[in-house]
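**Student:** Below is the sequence, then the predicted model.
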Amino acid sequence: MNLSNNFDWKVKLGIFLVLLSILLYASHYLIFHDAHGVFFYIGIDIAFLPIEILFVVLLIESAISNREKRLMMEKLNMVIGVFFSEVGTELMGAIIKFDQDTDKIRDDLLIETSWSEKDFKSSKEKVKKFDYSLRINSDNIKSIEFLDGTRNFLVGKRKFLLALLENPNLLEHETFTELLWAVFHLMEELEKREDVSNLPILDYEHLTGDTVRVYSLMIQEWLQYMEHLMNNYPYLFSLAVRTNPFDPQASVKISDN
């Protein structure tokens, strides 16, 4: 019904504009009695019509498309923000404990409110090339607790993660979609293993690889999101900096120091 009403509205508007144009040309003839001039201007208008179409299609349409894309990316960044609030930040904080090489890139992840786009660019280049190596095995009781806790945590967030995947805007953000699929895969791998305390060595290596994939993708996406907050939402950026999972001294409380 809405599509029909919208179509009828456009048809009526088109008929009205055509009749108005005929009326104006007729008025011109009645006033000046110059049929040659009327047909001359009609010919000029028709000759200029392709250029007008070109202007509308290439310029106006492009401006509208860019505006719609900006609005869509803004909505997508809201979705990414919710992901980190509900899942990402907590999951990164849990994985960090098994990354013995974090100190090698910690300075690139200790974001400050004084950072510039240049700082973010440098950090993103370094973490993208970094070779992550986590220590997850049966010899460490904390590893078993991590695998158990991560499984329960992600399974509890299944509906939330599914709702994110159903968002059509994700088609415009391939890296975040890849991150979500990596998180889903890790969840399914853990969910299929009822007892993670006594697995073959190859199983632990496989789960470690799945965790590394999530970890590396999440750090890259997190840096991108933090830069977005810096440029658009300083108050949210301030909170994100104060709760940085890579900062061992992070505190949500604002101090004078």
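**Tutor:** Nice, thanks for sending it over.
**Student:** May I have the secondary structure class of Leu138?
**Tutor:** Rather than Leu, residue 138 is Ser. Under DSSP: H, G, I helix; E, B strand; the rest coil, Ser138 falls in the coil class.
**Student:** cool, and Asp247?
**Tutor:** Classification of Asp247 using three-state DSSP returns coil.
**Student:** which residues sit in contact with the nearest residue to it once chain neighbours are set aside?
**Tutor:** Nearest residue to Asp247 in three dimensions, chain neighbours excluded: Leu110, at 5.5 Å (Cβ to Cβ, 6 or more residues apart in numbering). (C-beta placed from N, C-alpha, C; glycine too.) When contacts are counted by Cβ atoms under 8 Å, 6 or more residues apart in numbering, Leu110 touches 244, 246-247.
**Student:** Next one: Leu110 from Lys126, what distance?
**Tutor:** From Leu110 across to Lys126, the span is 13 Å (Cβ to Cβ, to the nearest Å).
**Student:** cool, Tyr41 as well?
**Tutor:** 65 Å.
**Student:** same check, this time on Val87
**Tutor:** Using Cβ to Cβ, we find Val87 at a distance of 24 Å from Lys126.
**Student:** These two: which has the busier surroundings?
**Tutor:** Set Val87 next to Lys126 and count neighbours by other Cβ atoms under 10 Å: Val87 wins out with 20 against 15.
**Student:** Please look at that one and Ala163 and confirm they touch.
**Tutor:** No - with contacts counted by Cβ atoms under 8 Å, Val87 stays clear of Ala163, the gap being 11.7 Å.
**Student:** Now do Lys121 against Leu179, distance only.
**Tutor:** Per Cβ to Cβ, Lys121 is found 20 Å from Leu179.
**Student:** who's more crowded, those two?
**Tutor:** Ranked by neighbour count (other Cβ under 10 Å), Lys121 and Leu179 place Leu179 first, with 23 against 12.
**Student:** ok, how many other residues are close to the residue nearest to the more buried one when sequence neighbours are not counted?
**Tutor:** Nearest residue to Leu179, sequence neighbours excluded (Cβ to Cβ, 6+ apart): Leu217, at 4.3 Å. When neighbours are defined as other Cβ under 10 Å, Leu217 has 18 of them.
**Student:** And Val57, how close does it get to Phe98?
**Tutor:** The spacing between Val57 and Phe98, counted by Cβ to Cβ, is 54 Å.
**Student:** go on, Leu54?
**Tutor:** Taken as Cβ to Cβ, the span from Leu54 to Phe98 is 59 Å.
**Student:** mind listing the helices for the chain?
**Tutor:** Using DSSP state H, the helices of the chain run over 2-32, 35-55, 61-83, 89-96, 102-105, 117-129, 141-156, 158-165, 174-191, 201-232, 234-242.
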